[in-house]
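Novice: prediction below, plus the sequence it came from.
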Amino acid sequence: MTSSTAIVTGATSGLGVQVSRVLATSGTKVIMACRDPVRGRAVAATIDGDTEVRALDLADLASVRAFADALPGPVDVLVNNAGVMGVPFSLTADGFEAHIGTNHLGPFALTGLLIDRIRGRVVTVTSGLHVLGRISTDLNWESRRYQRWLAYAQSKLANLLFAYELQRRLAAPVRSIAAHPGVTATEGQRRDTSLQGKILAGGRAQPVQMGALPILYAVTAPDVPGGACVGPDGFLQRQGNPKLVRSSRRSRDPVLAAALWEQSEHLTGVRYPRPAGAAVQPRAGRSRRRFSLLQR
């Protein structure tokens with residue numbers, strides 16, 4: 001990664017700080033994309049390496065566009081790490097439910113606005129809780145009782161569907177890879193003291209230095225193929241060293257992924273270019289029919 005440039009979103013706490021620190025101290029220029037630039041600069045001052053802090057709020061599509069417009073030149077890696085976890089019901093600046101808006105639609109828009117300038121990899125951070133997720137036609141929870149952990153799981157399933165579909169639409173040499181940290185002691189987990197949150201976490205969390213390893217492996221390992229997912233090698237992928245892991249069957253459904261992609265382009269107003277040589281996509285009509293039949 002020497003002489004490379006990487007964007008890391010959510011670089012003010014937890015996994016984002018650790019990923020930024022390791023990459024910067026290894027010779028990578030790291031653009032720390034932070035909702036709070038003041039906090040970001042304080043973190044950057046503790047990192048020994050080439051860092052640059054830029055403002056980015058993934059819960060605000062205007063901020064996403066401003067970040068993309070102001071970014072000079074190409075980048076080698078985009079790490080879609082920032083997100084919210086298990087928060088009470090709220091809406092983003094654009095009227096989306098907080099989890100789907102911040103964790104999926106924001107990164108979807110950011111990646112689309114930058115895709116022509118990315119030379120290496122897009123790494124999207126998901127969660128083992130994606131197995132509980134369902135992609136609903138009611139993405140914003142307007143016609144069903146809000147359940148924050150299911151909303152989080154829906155957004156993490158969306159991350160995987162996006163990562164895999166992006167790989168199908170990319171032309172070499174750019175690769176799209178998913179990664180998840182297992183059960184890690186991040187700020188979001190520490191904030192949540194609910195019984196449900198503790199049950200879902202499933203016991204002691206590993207330190208953030210370990211949780212960041214699957215992300216770093218997805219960013220740096222030369223033999224990781226596009227369309228792969230990297231996670232911990234321990235029991236139920238909760239802890240351990242990084243390896244290629246298998247995600248849920250639902251996350252690998254190309255028709256569901258294409259339907260979510262169409263909906264995401266519609267909601268964000270960001271349309272991706274179709275490069276020559278990209279994989280054939282499922283027919284749009286079939287995708288729309290599948291999307292209309294999803295569980296509510």
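Specialist: Yep, it's here. Remember, it's a predicted structure, so these values are computed and weren't measured experimentally.
Novice: who does the helix ranked longest in the chain touch, helix- and strand-wise?
Specialist: Determined from DSSP state H, the single longest helix within the chain is helix 148-169. When contacts are defined as 3 or more CB pairs under 8 Å, 6 or more residues apart in numbering; DSSP states H and E, helix 148-169 sits against helix 98-99, helix 106-114, strand 118-125, strand 175-179, helix 195-201, helix 254-268. C-beta coordinates here come from the backbone N, C-alpha and C atoms, glycine included.
Novice: using CSV, write out every CA atom in that helix.
Specialist: Extracted in CSV, the C-alpha atoms of helix 148-169 (Å, rounded to 0.1, in the frame of the first residue of the first chain):
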residue,chain,number,x,y,z
ARG,A,148,-34.0,-1.1,15.7
TRP,A,149,-31.9,-4.3,15.5
LEU,A,150,-33.9,-5.6,12.6
ALA,A,151,-33.5,-2.2,10.9
TYR,A,152,-29.7,-2.5,11.5
ALA,A,153,-29.7,-6.1,10.2
GLN,A,154,-31.6,-4.9,7.0
SER,A,155,-29.0,-2.3,6.4
LYS,A,156,-26.1,-4.8,6.9
LEU,A,157,-27.8,-7.2,4.4
ALA,A,158,-28.0,-4.3,2.0
ASN,A,159,-24.3,-3.8,2.4
LEU,A,160,-23.6,-7.3,1.2
LEU,A,161,-26.1,-7.2,-1.6
PHE,A,162,-24.5,-3.9,-2.7
ALA,A,163,-20.9,-5.3,-2.5
TYR,A,164,-21.7,-8.4,-4.5
GLU,A,165,-23.7,-6.5,-7.1
LEU,A,166,-21.1,-3.9,-7.5
GLN,A,167,-18.6,-6.6,-8.3
ARG,A,168,-20.9,-7.9,-11.0
ARG,A,169,-21.0,-4.4,-12.5
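Novice: hey, least reliable of the helices and strands packed on helix 148-169 by pLDDT?
Specialist: The stretch with the lowest mean pLDDT among those is helix 195-201, at a mean of 49.
Novice: count of residues packed around Q154?
Specialist: Neighbour count of Q154, defined by other CB atoms under 10 Å: 24.
Novice: for R274, same thing?
Specialist: A total of 10 residues lie near R274 under the criterion other CB under 10 Å.
Novice: pretty sure it contacts A171?
Specialist: No. Using CB atoms under 8 Å, R274 is not in contact with A171, being 9.4 Å away.
Novice: would you mind measuring from the closest residue to A212 other than its chain neighbours to S143?
Specialist: Leaving out its chain neighbours, the residue that sits closest to A212 by CB to CB, 6 or more residues apart in numbering is Q18, at 4.0 Å. Remark: distance between Q18 and S143 (CB to CB, to the nearest Å) = 39 Å.
Novice: I'd assumed V208 was in contact with the residue nearest to A212.
Specialist: Yes. Counting by CB under 8 Å, Q18 sits close enough to V208 to count as a contact (5.1 Å).
Novice: of the two, who's got more company?
Specialist: Q18 (25 against 20).
Novice: surely that one is in a strand?
Specialist: No. Looking at Q18 with DSSP: H, G, I helix; E, B strand; the rest coil, it is helix, so not inside a strand.
Novice: any idea how far N241 is from it?
Specialist: For Q18, the distance to N241 - CB to CB - is 15 Å.
Novice: now V30. Its backbone dihedrals?
Specialist: Here is the backbone geometry of V30 (degrees, to the nearest 10): phi -110, psi 120.
Novice: er, P173 actually
Specialist: phi -100, psi 0.
Novice: now A172
Specialist: Per degrees, to the nearest 10, the backbone of A172 is at phi -60, psi 150.
Novice: just to revisit the earlier point, for D138, which of the helices and strands packed on helix 148-169 is the nearest?
Specialist: Of all those, helix 254-268 sits nearest to D138, with 11.5 Å by CB to CB.
Novice: quick revisit: now do the longest helix of the chain against helix 106-114, angle only.
Specialist: 20 degrees (axes from the mean of the first three to the mean of the last three CA atoms, to 10 degrees).
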